[in-house]
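Novice: Sequence and predicted structure, then a few things I'm wondering about:
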There are 2 protein chains.
Amino acid sequence: MLNQENPPKFSNSFVLGIDADDTLWENEAWFYKIQDRFFELMSSWSAPQDTNAALLENERASIPQYGYGVTSFVRSMILTAIQISNDEIGTKEIAQIVSWGDELIDAPVDLLPDVEETLSELSNNHHLLLITKGDVLHQRAKVENSGLSDFFWNIEVVGEKDAAVYEMLLNRYGINPEMFVMIGNSVSSDVLPVLNIGAKAIHVPHHTTWELEIPDPKELEKVDFPIAQSISEVPGILSGWNE
Amino acid sequence: MLNQENPPKFSNSFVLGIDADDTLWENEAWFYKIQDRFFELMSSWSAPQDTNAALLENERASIPQYGYGVTSFVRSMILTAIQISNDEIGTKEIAQIVSWGDELIDAPVDLLPDVEETLSELSNNHHLLLITKGDVLHQRAKVENSGLSDFFWNIEVVGEKDAAVYEMLLNRYGINPEMFVMIGNSVSSDVLPVLNIGAKAIHVPHHTTWELEIPDPKELEKVDFPIAQSISEVPGILSGWNE
């Protein structure tokens, strides 16, 4: 059953799980750009901070069923616009919000500094699994357009990044948790659930963090993980663990 | 790397790819129910057949970026409503369309006849891979709610079902195409691309087929595949191939 023609290339090295949005390329910057336009669109009914609070409320409520992608964001903006304007908003504005979603889907994939060189280096010694939330078609298109897909052993688009999902993935690939390291910008999605299942994680912070991805400080008290100021520091951290 | 603790259970039997919507459970019936309400909503501007044509046009255009799920369908209805009504439709109606999406997401999973017994029988002798298009969170929720998830080796939610995607999946699991059989209700998605890569397929027709899933008759001329009138005929067809 398991592939006999493609035996494992590396038998004693870590498998690296790598997040995509805001770890490999800019993502939130695009969302913030659209959000600013949305605040402007709603400004005759509501101040930006109130629009933001209402939008976050709708986003939070939609995550269990609609997840984290562009389509979920567009749905939340439409509902927020109708609520805040008390049904006064016009269909031209609704169509505009839908078109902002298309703009997000078509946004160029801007790699973050040092990403290409670092993945190239890492892929010489490790299996790299790209693990990302969001809409399956859009996330796969971004990986294709990034020019990075050849560095990856496989690409996994998941609905949520919690301990159960990481366990399912490790089980699918037959990876021992001790040999798995997740690398990403979100403490909530890329670090805590991974530490929870006995694997390792390296935090590579991005300059912005979406409010729904900010962890409860209490969750951080009992855990310890390295923080890389740039993805280029990851190979050095891994070497330290391998010694 | 590959899982040593879970060696293959069956070494000489087919791996079965199984479609979900309208193969294991009702799906289009729910979409048609909502579509009828949409035709009714638009009836002061447009006859049902014209609304349907405009909706199909929007659906076809959105597939490459938004795929086949509920969110894509809702986006197409919103755009169609705004176009057909010449911006006259109200935001209350837009909010209603959004809520129809929620209704589809929450629709119960009604198994088709003989599905549970047949999967139980098949899973005794084969690895079963559920392979479905759509929104990743929603499709995984449906599998969970179906009560069938224990029969499956793995669940794959893909953006498109073409030959390249089937090849990627077979490669991921190390499955020889000669040992793979896809079972599903869509000739376009479950049969033709699978035959194209040298694997086998069994067509289990559903009583309805969405217009965008109807194949070009020319594509059917040079291929041959068994048609099961019910999924319960699948084990017998497989036995014939094994002899």
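Specialist: Right, received. Where do you want to start?

Novice: Strands of chain A, residue ranges please.
Specialist: Ranges of strands in chain A, per DSSP state E, are A:15-18, A:127-133, A:154-158, A:180-184, A:200-203.

Novice: possible to save those as JSON lines with mean neighbour count?
Specialist: For the C-beta atoms, the positions are set from N, CA and C on the backbone; glycine is no exception. JSON lines is the format used below for the strands of chain A (neighbours: other C-beta atoms under 10 Å in any protein chain shown):
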{"stretch": "strand A:15-18", "mean neighbour count": "26"}
{"stretch": "strand A:127-133", "mean neighbour count": "23"}
{"stretch": "strand A:154-158", "mean neighbour count": "20"}
{"stretch": "strand A:180-184", "mean neighbour count": "25"}
{"stretch": "strand A:200-203", "mean neighbour count": "21"}
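
Novice: Using the centroid of chain A, identify the residue furthest from it.
Specialist: A:Glu88 (34.7 Å; C-alpha atoms, centre = their mean).

Novice: Check the strands of chain A for me: which has the lowest mean pLDDT.
Specialist: Note on the strands of chain A: strand A:154-158 shows the lowest mean pLDDT, a mean of 91.

Novice: Any part of it near chain B?
Specialist: Yes - Strand A:154-158 is in contact with chain B by C-beta under 8 Å from any C-beta of the partner chain, via A:Asn154, A:Val157, A:Val158.

Novice: shouldn't the last one be in contact with A:Lys133?
Specialist: Yes - using C-beta atoms under 8 Å as the test, A:Val158 is close enough to A:Lys133 to be in contact (6.0 Å).

Novice: Output the lowest mean pLDDT helix or strand found in chain A.
Specialist: In chain A, the helix or strand scored least confidently by mean pLDDT, DSSP states H and E is helix A:217-220, which has a mean of 80.

Novice: buried ones in it?
Specialist: Neighbour-count burial for helix A:217-220, counted by 16 or more other C-beta atoms under 10 Å in any protein chain shown, picks out no residue.

Novice: hmm, who's touching that helix?
Specialist: A:Val187, A:Leu192 (C-beta atoms under 8 Å, 6 or more residues apart in numbering or on different chains).

Novice: Report the distance from that helix to the chain centre.
Specialist: What separates the centre of helix A:217-220 from the centre of its chain is 20 Å, taken as C-alpha atoms, centre = their mean, to the nearest Å.

Novice: With just CA atoms, put it into CSV.
Specialist: C-alpha atoms of helix A:217-220 as CSV (Å, rounded to 0.1, in the frame of the first residue of the first chain):
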residue,chain,number,x,y,z
PRO,A,217,-1.7,34.7,28.2
LYS,A,218,-2.5,32.0,30.7
GLU,A,219,-1.9,29.4,28.0
LEU,A,220,1.6,30.7,27.6
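
Novice: just to revisit the earlier point, contacts only, for the residue lying closest to the residue farthest from the centre of chain A once chain neighbours are set aside.
Specialist: Spatial nearest neighbour of A:Glu88, chain neighbours left out: A:Trp45 (7.3 Å); criterion: C-beta to C-beta, 6 or more residues apart in numbering or on different chains. Contact analysis of A:Trp45 by C-beta under 8 Å, 6+ apart lists A:Ile84, A:Ser85, A:Asn86, A:Glu88.

Novice: Most widely separated two among those?
Specialist: Distance extremes for the contacts of A:Trp45: the farthest pair is A:Ile84 and A:Glu88 at 9.2 Å, using C-beta to C-beta.

Novice: mind checking how far A:Ile202 is from chain B?
Specialist: According to C-beta to the nearest C-beta, to the nearest Å, A:Ile202 and chain B sit 20 Å apart.

Novice: what does A:Asp110 give?
Specialist: For A:Asp110 relative to chain B (C-beta to the nearest C-beta), the value is 19 Å.

Novice: Serialize the residues of strand A:154-158 next to chain B to a markdown table and add fields for distance to B:Leu122.
Specialist: What follows is the residues of strand A:154-158 next to chain B, written out as a markdown table (distance: C-beta to C-beta, whole Å):
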| residue | distance to B:Leu122 |
| --- | --- |
| A:Asn154 | 26 |
| A:Val157 | 27 |
| A:Val158 | 27 |
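
Novice: ok, those residues vs A:Val74, which is closest?
Specialist: A:Val157 (18.2 Å).
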